[in-house]
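Engineer: Any chance you can model this:
(2 chains)
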Amino acid sequence: MVGGSYAAVPLYRRFCQATGYGGTIQRRESVEEKIARHAKDGTVTEREIAVQFNADVADGMPWKFTPTQREVRVKPGESALAFYTAENRSSTPITGVSTYNVTPMKAAVYFNKIQCFCFEEQRLLPGEQIDMPVFFYIDPEFETDPRMDDINNIILSYTFFKVSED
Amino acid sequence: MSAGGAFGGNRGLRPVPPEKGVFPLDHLHQCDLEKKDYLNCLKSSGHQSEKCRQFSKKYLECRMEKNLMARQDMSELGFRKETETNGETSEEKNSKRIEV
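Structural biologist: Numbering: from 1, shown residues only, chains lettered A, B, ... in the order given. This is a model prediction of the structure:
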């Protein structure tokens, strides 16, 4: 009895840290921490997920913006690289910013972007073509979540908006 | 795209910024070769990320060399020291062949 309640304390602390219940500071585990933890645990994943890519530009944004590869097949827990290509087809420098979307929405929580080109303004000179990398990681916990059983594809969509014309 | 579709307009999850921030753009195309090698590898191996790991590693190392990415130990980004395991595997294969 005593042993049982004693063991519950560290579990409660971990739960609080992860969820922020009970007023403790919510601390999300970073991707690097996840990678280290799973490497230490020797986590093995088996399901291959096809990550596919969409690219869009908002109205009035004169860039050509496309995914550079059709798809990347990846297992949860493997960090992976993908590219988009953008080209400024106008005759003036254009600054754009992008946002992204992950579908199906229920899988989005497991999709981690380690580094990418989004959220900050990017400026392309007239005629300039550039590669935009996305370095991502699907959480291994995806594989043990029964709600994800029917998901074999994840779609990453980016949209570029025009911020200014120089 | 309608206004609701942009930042946080979707019902549900708001877009989360990337963990390590933004990749500076490679305006001078300094890592184009490494990028091409990776993409060609994907094309010829059924787009399987695992098969092209060494190329994506080379690309990111190139970025680090050209100050287009913060320097970091590659194992922290999920790239285990594969050279050792590859060496062992081919040695094992060779010894098996000899035995047979």
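
Engineer: where do the helices sit along chain A?
Structural biologist: Along chain A, the segments classed as helices by DSSP state H run A:2-19, A:31-41.

Engineer: Remind me what the shortest one packs against, helices and strands.
Structural biologist: Counting contacts by 3 or more Cβ pairs under 8 Å, 6 or more residues apart in numbering or on different chains; DSSP states H and E, helix A:31-41 packs against strand A:111-115, strand A:129-138. No exception for glycine: its C-beta is placed from N, CA and C like everyone else's.

Engineer: Quick check: end-to-end length of stretch B:67-80?
Structural biologist: Start-to-end span of stretch B:67-80 (Cα to Cα, to the nearest Å) is 22 Å.

Engineer: Just the buried positions in it, please.
Structural biologist: Across stretch B:67-80, burial judged by 16 or more other Cβ atoms under 10 Å in any protein chain shown covers B:Leu68, B:Met69, B:Leu77, B:Gly78, B:Phe79.

Engineer: Lowest mean pLDDT across the helices of chain A, which one is that?
Structural biologist: Lowest mean pLDDT of the helices of chain A: helix A:2-19, a mean of 50.

Engineer: By proximity to chain A, which residue of chain B wins?
Structural biologist: Nearest residue of chain B to chain A: B:Gly78, at 3.6 Å (Cβ to the nearest Cβ).

Engineer: List the residues that contact the closest residue to chain B within chain A.
Structural biologist: Sorted by distance to chain B under Cβ to the nearest Cβ, the residues of chain A start with A:Ser79, at 3.6 Å. Going by Cβ atoms under 8 Å, 6 or more residues apart in numbering or on different chains, A:Ser79 touches A:Val31, A:Ile35, A:Ile114, A:Phe135, A:Phe136, A:Tyr137, B:Leu77, B:Gly78, B:Phe79.

Engineer: which residues does it bridge with?
Structural biologist: Beta-bridge pairing for A:Ser79 (DSSP bridges): A:Tyr137.

Engineer: which intervals of the chain have sub-threshold pLDDT?
Structural biologist: The chain I'm using is chain A. For chain A, the stretches with pLDDT under 70 are A:1-27.

Engineer: Chain B is the one I meant
Structural biologist: Low-confidence segments of chain B (pLDDT under 70): B:1-14, B:81-100.

Engineer: still on that earlier bit, and the residue of chain A closest to chain B, how far from A:Asp59?
Structural biologist: To A:Asp59, A:Ser79 is 35 Å away according to Cβ to Cβ, to the nearest Å.

Engineer: Repeat that for B:Leu33.
Structural biologist: Using Cβ to Cβ, B:Leu33 is found at 36 Å from A:Asp59.

Engineer: In this structure A:Ala108 contacts A:Ile138, no?
Structural biologist: No - using Cβ atoms under 8 Å as the test, A:Ala108 is too far from A:Ile138 to be in contact (10.6 Å).

Engineer: Number of residues surrounding A:Gln69?
Structural biologist: A:Gln69: 18 surrounding residues under other Cβ atoms under 10 Å in any protein chain shown.

Engineer: ah, wrong one, I meant B:Leu39
Structural biologist: B:Leu39 has 20 neighbours, counted by other Cβ under 10 Å.

Engineer: And B:Tyr38, by the same measure?
Structural biologist: For B:Tyr38, the neighbour count with other Cβ under 10 Å is 27.

Engineer: if you skip the residues just before and after it, what's nearest to it?
Structural biologist: Excluding its sequence neighbours, the residue lying closest to B:Tyr38 (Cβ to Cβ, 6 or more residues apart in numbering or on different chains) is B:Phe55, at 3.8 Å.

Engineer: helix/strand/coil for that neighbour?
Structural biologist: Local secondary structure at B:Phe55 is given as helix here, using DSSP: H, G, I helix; E, B strand; the rest coil.

Engineer: Run through the residues that contact it.
Structural biologist: With Cβ under 8 Å, 6+ apart, B:Phe55 has these contacts: B:Glu34, B:Asp37, B:Tyr38, B:Cys41.
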